[in-house]
Structure formats: C-alpha cells, structure tokens
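Engineer: sequence below, structure please.
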Amino acid sequence: METMPQPSMRIHRRPLILALLAFLAWAASAPAKPNVVLILVDDLGYGDLACYGAKEMRTPHLDTLMADGMRFDQFYANCTVCSPTRASLMTGRYPDLAGVPGVIRQWAPDSWGYLDPAAPTLPDMMRQAGYHTGMVGKWHLGFKEPNVPTSRGFDFFHGFLGDMMDDYWTHLRGGVNWMRRNNEVIKPEGHATDLFSDWAADYINEQARNPEKPFFLYLAYNAPHFPIQPPKEWLAKVQKRQPELDKKRATNVAFVEHMDDGIGRVLKAIESAGIADNTLVIFSSDNGGSLPHGALNTPLRGGKQDHWEGGIRVPTCAVWPGKIKEGRSNALGMTMDFLPTLCAIAEIAPPAGIDGENLAGVWLNDQPGNPNRTMIWVRREGNNRYQGRAYYAIRRGPWKLLQNSPFEPMQLIDLENDPLEANPRKPDGQVGKDLTRALMDHLQRSGRVPWQP
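Structural biologist: Below is the predicted model:
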C-alpha cells in the first residue's frame, strides 16, 4: 500500500517561527511598565504653591510638574491628618478599614491606630508586578514588626519611622532616633528635607542602572509639617525679597520653597538618568495646610484637622510624558485610589475588597471619572478637644455632610452651589438622611476592624 507523503517538519514549524518572530517584534516595541515615583508631602496647603495662586511663593519645580501632566482640582486626602492617609495610600482602603482611624504614635496611651498586618500593600502589589520597591522618608505607620517598611513590601527603606520630627536637624521625636536604613539605626547629619531628596536621587540613579527591572519609589517628606524650620539662608532670601511678610508667613514660604528645591533635585535625577519618558511621577499631600503655622489653603475654608475643604482637598498631579495629557481634571479622587490605579498601569489585578477606585481611565484617556461616588472621612484623636473619639464627613456627588469635632452636630453643604462652604445647613432633608444612613453602614463595616494591637 502506498502512503501519502508526509509534509516536512520545516513546513509545520514555519508558521510557529513566524508567529514567534511577530510576538518578539511586538514585545520589543510595546511600552515597558513605567517606573513610578510617588511623592507625598506633609501638610501642604491647597493655596501654598505658586501655580495654585500663592503670589508670595516661588515653587518653580512643582509648578512645572503640575503643568507637565494632569492636575486634579478635586483630589482629596483620605484624612485630615497623617497616619490615616498613609494607611489608605498603602492599602487602598478607608483608613478605619485598614485599622488606622487616627495618628499612630510611639506612646501607646496616645496612639489611635494599628495597621492591619494582613492587608496587602501597594509595594506588595508593585513587587508582584515585577518592580523593585523603595521608600525614602516618613513612614508613620508603625515602629516595630510587623509594621515597618521592609516587612510591608519595600525592598529598601531609607528614612524616618516616626511621625513629626521635633527638629529637622536632629531628626528626633520625643528624644528617640527613628532614622533607619532598612532596619539599621542611622544618625545622618543635615536637614531632613535635603537628606530625603539626596537619598531619593541616589535610589533613582542606582535603579536606573538596571533598566530591565522597573522601580517604584515612594518618597514621603516630613516637610512642610511643623516645626517650620527652613535653613537660615532660605528664610533670609524670602525676607529680602518680600520684607512685607510677617515672620510666620515668611518662614512657611521659605520652608515650602526649600522643599520645592529638593523635589527639583529628585526630578533632575530622573532626567539625568535618561528615564524621564518612561517614569510616572505622582505628587500629592497627606492633608491640608496647618493654619496656625502660617499655611494657606486659599480659597478653601479651614485647614488641617478640619473636614472643611481646606483640611482635605490637596494639590495633586500625575505626569507621564506621552501617556498623560497636560491639563486639568475635575474628576474626583482620593489617596486610596493610587493603589488600584497603579495596579492597572502595572498590569496586575488589585487586592480584593479595596475601597479605592481605578483612575487609570482618567489619567490615560481623559475620562471624567465618577462624579457621584461616595467618599468618607474619619479621624480619631485624643487630647481634651477629641477625648479619644472620632468625627466624620461623607460626600456623594455635590452633597457633603460633615463635622469638625465629635461633639458638634453634622452640617450639610451643597458644594456645587456653595463651593467655599459659607452656608452650611441642618441635614434635616432626604439628602441628609441618605448620607447619614450611608455613613452608618460604613461604621458598621469599620467596627469589625481592630485599631489597637
């Protein structure tokens, strides 16, 4: 019996080889995952950058950054103070659902949070997506295992474990040195803002030598949180330029300008390393500016510790050359949105059960976002003003229900018609009832989460 001739293996392999070559060509031309530099500053007022209207400020580096990407005019910190916002950034959760409704401090009787040790973190996710993860600067989410940076997803940490510094030159808090390089106690010399800027530039330069592996850098400054301590030459420069400013305001201006200069050095390191075109830079603040310390949140009402807009709306932008259009967006956003957004950009699924929303469509495709989303704020605090109790705010669409103390009644604001919150009203209508019910639902959820170790 004759057999049919068999086609050669060469004929069978040819389509596979062509397909493989096509895939390799596509892979070579496809954009690599971007490096990510997320800069979070501390207590920066909404009106304390030149590009936000501060006529006495000279902030050229942040002004340029805001102009080079998408500036968000309705972006909110997750809390009126430090630790809760940082917990939301790390977990993509509301702070009380991450175990941090208030400030974490080294003194147990005055500590009001404990970061959920089981919560997946942003650096966990970035590492899973193939990134080297580094953090420089202020942590403020725990002082010992398991809640130190190198145990919560960071491959490298160079910074300060604590909250505020008692002095920007000695770097102590309550007489304790919380400066670390990974888990090693260090005693660096110099102004903390300069140290963090230099350490961030060093990290960028080191990671740029390995272009095959993208990096995620979380750079968290203590500045411009009080004590307001600019280097003397920076204050002298402001006073010479604007002698009409009172000492408090001039000192705050100098402090912000000094921070802007440090951020400029970090941005210069990105440019000098030749990686600017494939580096996503994000900038935001952890809450509004502190009015008693010379900050301004103009034109918004209130400041740090308040649920007025001046306490929670923060200067924010995202810059990625060729990917994010230059301009301004009115899309709603919160600190906790960074986690799902960066997961989308890094092509990885976010953890289950997070509260943040993916803003990648807003950033990359100029979409309007979700104008009717519900956003909730909580802050728990000690001292005689708060007595260990929490106070809240909630926004849905243009309506916002808030209090600025656990001992005052809720007030209702229509932000569409009263953007400066000059005319709060009693929440005795249906809108007030609906927002109150939504807040109670949230409190039932958060009641299941411990905030003490």
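Engineer: return stretch 51-62 as PDB; C-alpha atoms alone will do.
Structural biologist: Listed next in PDB are the C-alpha coordinates belonging to stretch 51-62 (Å, rounded to 0.1, in the frame of the first residue of the first chain):
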ATOM      1  CA  CYS A  51       0.600  77.600  40.400                       C
ATOM      2  CA  TYR A  52      -2.300  77.400  42.900                       C
ATOM      3  CA  GLY A  53      -2.300  81.200  43.400                       C
ATOM      4  CA  ALA A  54       0.300  81.800  46.200                       C
ATOM      5  CA  LYS A  55       1.700  85.100  44.900                       C
ATOM      6  CA  GLU A  56       4.400  85.200  47.600                       C
ATOM      7  CA  MET A  57       5.700  81.600  46.700                       C
ATOM      8  CA  ARG A  58       8.400  80.700  44.300                       C
ATOM      9  CA  THR A  59       7.900  77.000  43.600                       C
ATOM     10  CA  PRO A  60       9.300  76.500  40.000                       C
ATOM     11  CA  HIS A  61       9.800  72.800  40.200                       C
ATOM     12  CA  LEU A  62       6.300  71.800  41.400                       C
END
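Engineer: what comes up buried for it?
Structural biologist: Within stretch 51-62, the residues scored as buried using 16 or more other CB atoms under 10 Å are 51-52, 54, 56-59, 61-62. From N, CA and C alone the C-beta is placed, and that goes for glycine too.
Engineer: among those, list the two that are farthest apart in space.
Structural biologist: Greatest spatial distance in the buried residues of stretch 51-62: Glu56 and His61, 16.9 Å, computed using CB to CB.
Engineer: please, which helix or strand holds Arg437?
Structural biologist: Using DSSP states H and E, Arg437 maps to helix 430-446.
Engineer: that's a strand at Pro340, yeah?
Structural biologist: No: Pro340: not assigned to a strand; according to DSSP: H, G, I helix; E, B strand; the rest coil it is helix.
Engineer: what's the neighbour count on it?
Structural biologist: Using other CB atoms under 10 Å, the number of residues around Pro340 comes to 22.
Engineer: hang on, it packs against Gly356?
Structural biologist: Yes: proximity of Pro340 to Gly356 meets the contact threshold set by CB atoms under 8 Å, at 4.9 Å.
Engineer: hey, what's in contact with both of those two?
Structural biologist: 92, 350 (CB atoms under 8 Å, 6 or more residues apart in numbering).
Engineer: for stretch 424-435, buried residues please.
Structural biologist: 424, 427, 431-432, 435.
Engineer: now it: mean pLDDT?
Structural biologist: For stretch 424-435, the mean pLDDT works out to 97.
Engineer: how about stretch 250-267?
Structural biologist: Here the average pLDDT along stretch 250-267 is 98.
Engineer: next, the buried residues of that stretch.
Structural biologist: Buried residues in stretch 250-267, counting neighbours by 16+ other CB under 10 Å, are found at 250-264, 266-267.
Engineer: before we move on, what about stretch 411-423?
Structural biologist: For stretch 411-423, the neighbour count (16+ other CB under 10 Å) marks 411-414, 421 as buried.
Engineer: which of the residues you listed sit farthest apart?
Structural biologist: Based on CB to CB, the longest span within the buried residues of stretch 411-423 runs between Gln411 and Asp414 and measures 11.2 Å.
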